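Chemist: Output the structure for:
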Amino acid sequence: MDELLEVLSDVRDDVDFEHETALVDDHIISSFDILSIISALNDEYDISIPASEIVPANFNSAKGLYDMVQRLLEED
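Modeler: This is a model prediction of the structure:
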């Protein structure tokens with residue numbers, strides 16, 4: 001999880017990814033931020049995030065992102 005938080009802070013260092021649970025719902029991150037996060041995760045974890053995974057539940061919190069990354073790594 002620490003590695004993920006570091007990646008997220010590289011995308012937006014002004015967001016408290018560790019504690020925030022409504023990043024999308026509360027409009028804390030934008031669609032551009034989501035694209036930047038997807039790109040950073042693809043590079044960091046050597047995964048490909050399919051369109052079906054780009055839903056608010058996966059991007060509202062670091063936990064949601066972490067769970068998605070773990071799921072995609074297991075599928076690989």
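
Chemist: any idea which helix or strand carries residue 40?
Modeler: For residue 40, the host element (DSSP states H and E) is helix 31-45.

Chemist: just checking, what packs against that helix?
Modeler: Helix 31-45 sits against helix 2-11, helix 62-75, with contacts defined as 3 or more CB pairs under 8 Å, 6 or more residues apart in numbering; DSSP states H and E. Placement of C-beta: from N, CA and C, glycine included.

Chemist: mind listing what's buried in it?
Modeler: Neighbour-count burial for helix 31-45, counted by 16 or more other CB atoms under 10 Å, picks out 33, 34, 36, 37, 38, 41, 45.

Chemist: who's in contact with the following helix or strand past it?
Modeler: Heading C-terminal from helix 31-45, the first helix or strand you meet, by DSSP H and E, is helix 56-59. Residues from elsewhere that reach helix 56-59 (CB atoms under 8 Å, 6 or more residues apart in numbering): 23, 24, 25, 29, 34, 37, 64, 65, 67, 68.

Chemist: buried subset of these?
Modeler: Neighbour counting by 16+ other CB under 10 Å classes 23, 24, 29, 34, 37, 64, 65, 68 among these as buried.

Chemist: which one of these is nearest residue 10?
Modeler: residue 37 (9.8 Å; CB to CB).

Chemist: For the closest one, give me its contacts.
Modeler: Shown in contact with residue 37 (CB under 8 Å, 6+ apart): 7, 8, 11, 29, 59, 65.

Chemist: Quick check: pLDDT value at the fifth one.
Modeler: Among the per-residue scores, residue 59 shows a pLDDT of 98.

Chemist: Could you report the neighbour count for it?
Modeler: Per other CB atoms under 10 Å, the neighbour tally for residue 59 reads 20.

Chemist: center of this protein, which residue is that?
Modeler: By CA atoms, centre = their mean, the chain has its centre lying nearest to residue 65, at 4.2 Å.
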